[in-house]
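Participant: Below is the structure, and that's it, no one-letter string:
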């Protein structure tokens, strides 16, 4: 009986989490069948974002570095966030996923509608374009 009660409470919690993530007018595209960006259930959008990120020079470089450090077991990893109410961008953290922790190398903001990419610069506390971020990174070396 306790197991059944725990199971019901668990599923009710999951259902309420899902309801909090959806709003009526927040679609990624005009297509009515597209999932909302909040849930990131839209694997086509997720794949498009990851493909776009993997074409960026500094991401490619870090991917190769992580691949070599892990003896070719895996490359760079991404943690995708969600769009908060009032925002237009998804926060994506890119870095190394170890057994005990996730080491963030980059915080990236991407607009799922325009695929506009901004890198977060914690030194200046602002979002920079790819070229601005690469220039800033080169200055710090």
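Facilitator: The structure has been received and is ready for your questions. It should be emphasised that the depicted structure is a prediction, and the values quoted were computed from it without experimental measurement.
Participant: isn't residue 63 right next to residue 78, touching?
Facilitator: No: in this structure, residue 63 is not within contact of residue 78 by CB atoms under 8 Å, at 10.6 Å. The way it works is simple: take the backbone N, C-alpha and C, and place the C-beta from them, glycine included.
Participant: Skipping its backbone neighbours, what lies nearest residue 91 in space?
Facilitator: residue 81 (3.9 Å; CB to CB, 6 or more residues apart in numbering).
Participant: Next up, the contacts around the one you found.
Facilitator: For residue 81, the contact set (CB atoms under 8 Å, 6 or more residues apart in numbering) comprises 90, 91, 92, 93.
Participant: Distance check, the third one against residue 108.
Facilitator: Translated: residue 92. Applying CB to CB, to the nearest Å, the value for residue 92 to residue 108 is 5 Å.
Participant: list residues touching both of those two?
Facilitator: residue 53.
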